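Chemist: Sequence first, then the predicted structure:
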2 protein chains.
Amino acid sequence: VKERINRLNELKKNKNVDVFLFTSPPSIKCFSGYYFNFETGPSPFHLLPATLFVAPFENSVLLLADSETDKLAAIHSGVTVIKYSGYVYEEPLQFTKDFLLQLLKTIKENGASNARIGIEKNTFPHSLEKALSEQYPGIKYIDVTDELNILKAIKDEDEIDHIRKAAHLADIGQAAVLQYAKEGITELELFSKVRLAMETAAGARVPVMTDLVSGKATASGGGNPTNKVINKNDLILSDLTPCLNGYWGDSCNTMFVGTATAEQKKIFTLVKEALETGIHTIRPGMQAKEVDAVMRKHLEREGGFGHHGGHGVGTVYHEEPRIVPYNTMILQPGMIIALEPAVYKDDYGIRLEHLILVTNNGCDILTKFNHRFEQVQ
Amino acid sequence: VKERINRLNELKKNKNVDVFLFTSPPSIKCFSGYYFNFETGPSPFHLLPATLFVAPFENSVLLLADSETDKLAAIHSGVTVIKYSGYVYEEPLQFTKDFLLQLLKTIKENGASNARIGIEKNTFPHSLEKALSEQYPGIKYIDVTDELNILKAIKDEDEIDHIRKAAHLADIGQAAVLQYAKEGITELELFSKVRLAMETAAGARVPVMTDLVSGKATASGGGNPTNKVINKNDLILSDLTPCLNGYWGDSCNTMFVGTATAEQKKIFTLVKEALETGIHTIRPGMQAKEVDAVMRKHLEREGGFGHHGGHGVGTVYHEEPRIVPYNTMILQPGMIIALEPAVYKDDYGIRLEHLILVTNNGCDILTKFNHRFEQVQ
């Protein structure tokens, strides 16, 4: 975490800000360890699930509604937690008032009443700016969203460890797809078994973004599972993106139930080669777009894919470095990237994905499952 | 929908605003039909999943990222949809720029460049206010959050129909708990079967908020399912709150696996009486707190419950009218309320909940399942 605070201190100097006030769940996870349970949508019992005040090398203060205090163990040591009243039933809800009271106090106690505050403008509510400006008209707000996105592209050891665990959950999910996929069950039935395998491994509910489709739907690249029955000779595309304790994993396999055509087998092999070529190409110092180009070129004559070749993964499931044709961002050790080349034909699609960590001399593959086109019998 | 626009027009007059700009997913669902898939958290491909401009009786314009256009069928007729570019891979993401361009155009075309705009201050990003004020410095922003919360407490026919369907999903979930609960399986395994039953009925993934716990954990009122094994003589508390197409259902049952004690049976009967008494008490014209009081009083000598007696349900899972000791809000036909009396002892808890609709002369029960303490053998 100290390395991240170091980088934040650099940002502080470059943007000439005094302190930061983070309001986006990904940044709050990154700099405090606290993560938000987003699976059931925004809560009616707070303005923001959490707000993080950071004066680098001095103080970090996490303001948390008391309804959100079940994940205290995840919070980094050194972060001061201040709770305010969220849910009450004996009197009207007044969480905004209680929250602002604590926030104003925190700002004052940290000498930031006239500070230049680095904020994330897109998740900074109008009401918050208004309330702060009323009390402390001297505060200046400086948006640091773009700079944060770049800063967060490099992961520290603790983050790599988090993402390894999320990648392991994805491995478990992919093994479950291979184990349970069969003719006659629905996509939702398969998804249920896959999700249970991941949730049992985690010992808790796990938010999962997924493409889990079969047959012709694979041609479009994905979609959520439905009641469609898996038929003989269907391809199944399973892109599993679980979120474990605030960090995402990512993975994709495409398999078949029954007998694949010779063309499908050829395309599978080609996509697998593209992925392997992408992985073997990666070196720190190269541009993100170069990795995209080698994979895209390998699949060009088969039609290729109309999406990114990959993307960074962390507290957001798609972040920098984006592996796309325009991106000149330099790959650096500590970046974590999902690569997902694909070929989409008129009536089927095949996509394969691994999650990798850029190292000093190449990369480590964080997802450990093998891409298999055929089920183990 | 016309009735809601009528009420919005009243609000327009009372708050002296010209038009509205809604930024919260619940309000956007209510006034446009569009709902947001929140299960995987905020998307990295838009500033807001949707933004709704409403000039009552004149024009409603929904601004939607093109990555969010899979639910167009749900959008009310009469709402103009304007798409902007969200996800792109051949060039850098510029969704904020594209979104603002369309929004500024919409405001101008609707003659609102100097308008008094009703907003939801807590979901109105600082960046949005800044961009609008720069272009149209004459705009005034008037927060209408509290008034909207009251306006939305009364549901129109189309909303009641939506919530009936969500309540039906909850019925299916409760039936699945009774069917599948057994000694030796984990809470997560049970939850998996329950969720699959609901998702199969919906034909799609369904966001579910739940308490699904067994044994001593029922004493605290709930929590998410874990790997805890369901043991003989465990109580199982199952509070199922599914979200179907943007509207929530709500329900709770408590059952046992094995043999309940005489005291537990007595408490179950008492809580059931409290719920029935609450339901039979409801009449339009009474205060919300009166319903809370009759249920709370009925359970007083057994220790009762340290939470609300109930709450409104709609595009938010806990909204007005809150059924709580302080609330003098008058119940009116069209309000939809979950009632959930409970008794919590040291080592177990029993909570029972139904979802009801306030009618002209009493109420209808929207959840149709029967609270059962014992499994059908």
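Modeler: Received, thanks. All of these numbers come straight from a predicted model, not from anything done at the bench.

Chemist: From now on I want contacts and neighbour counts done on CA atoms only, so please keep to that.
Modeler: Noted.

Chemist: report the longest helix in chain A, please.
Modeler: Of all the elements of type helix in chain A, the one with the most residues (DSSP state H) is helix A:157-180.

Chemist: Following the chain past that helix, name the next helix or strand.
Modeler: Once helix A:157-180 ends, the next helix or strand along the chain (criterion: DSSP states H and E) is helix A:187-202.

Chemist: Show me which residues of the helix or strand following that next one are buried.
Modeler: Tracing the chain C-terminally past helix A:187-202 and defining elements by DSSP H and E, one meets strand A:208-214 next. When burial is assessed from 16 or more other CA atoms under 10 Å in any protein chain shown, strand A:208-214 yields the following buried residues: A:208-214.

Chemist: just those residues now: which is nearest B:Ala262?
Modeler: Nearest to B:Ala262 among the buried residues of strand A:208-214: A:Val208, at 42.2 Å, using CA to CA.

Chemist: Wait, A:Pro242 touches A:Met209, no?
Modeler: Yes. In this structure, A:Pro242 sits in contact with A:Met209. The criterion is CA atoms under 8 Å, and the distance is 6.2 Å.

Chemist: what's near enough to touch the residue nearest to A:Thr145 when sequence neighbours are not counted?
Modeler: Here the nearest residue to A:Thr145 in space, its sequence neighbours aside, is A:Glu120; by CA to CA, 6 or more residues apart in numbering or on different chains that works out to 5.1 Å. Contact partners of A:Glu120, counting by CA atoms under 8 Å, 6 or more residues apart in numbering or on different chains, are A:21-24, A:143-145.

Chemist: Tell me the confidence at A:Glu120?
Modeler: If you check A:Glu120, the pLDDT there is 96.

Chemist: Quickly note the distance from it to A:Leu148.
Modeler: Per CA to CA, to the nearest Å, A:Glu120 is found 9 Å from A:Leu148.

Chemist: do A:Leu52 as well
Modeler: In this structure, A:Leu52 and A:Leu148 are 14 Å apart, going by CA to CA.

Chemist: more neighbours, those two?
Modeler: A:Leu52 (26 against 16; other CA atoms under 10 Å in any protein chain shown).

Chemist: Can you tell me, leaving aside adjacent residues, what's nearest to that one?
Modeler: Distance criterion CA to CA, 6+ apart; nearest residue to A:Leu52, sequence neighbours excluded, is A:Leu62 at 4.6 Å.

Chemist: Please tell me I have it right and the one you found contacts A:Ser77.
Modeler: No. At 11.6 Å, A:Leu62 does not count as touching A:Ser77 under the criterion of CA under 8 Å.

Chemist: Which of the helices or strands spans the residue nearest to A:Leu52?
Modeler: strand A:59-65.

Chemist: average model confidence for that strand?
Modeler: Averaging pLDDT along strand A:59-65 gives 95.

Chemist: next one: stretch A:302-322
Modeler: 97.

Chemist: cool, and stretch A:342-351?
Modeler: Taken as a whole, stretch A:342-351 has a mean pLDDT of 98.

Chemist: Give me the buried positions along that stretch.
Modeler: Buried residues in stretch A:342-351, counting neighbours by 16+ other CA under 10 Å, are found at A:342-345, A:348-351.

Chemist: quick one: which of those sit in helices?
Modeler: Among the buried residues of stretch A:342-351, no member falls in helices (criterion: DSSP H).

Chemist: so which of the residues you listed comes closest to chain B?
Modeler: Distance to chain B across the buried residues of stretch A:342-351 (CA to the nearest CA) is lowest for A:Ala342, with 14.5 Å.

Chemist: Hmm, A:Phe305 and the closest one touching each other?
Modeler: Yes. In this structure, A:Ala342 sits in contact with A:Phe305. The criterion is CA under 8 Å, and the distance is 5.5 Å.
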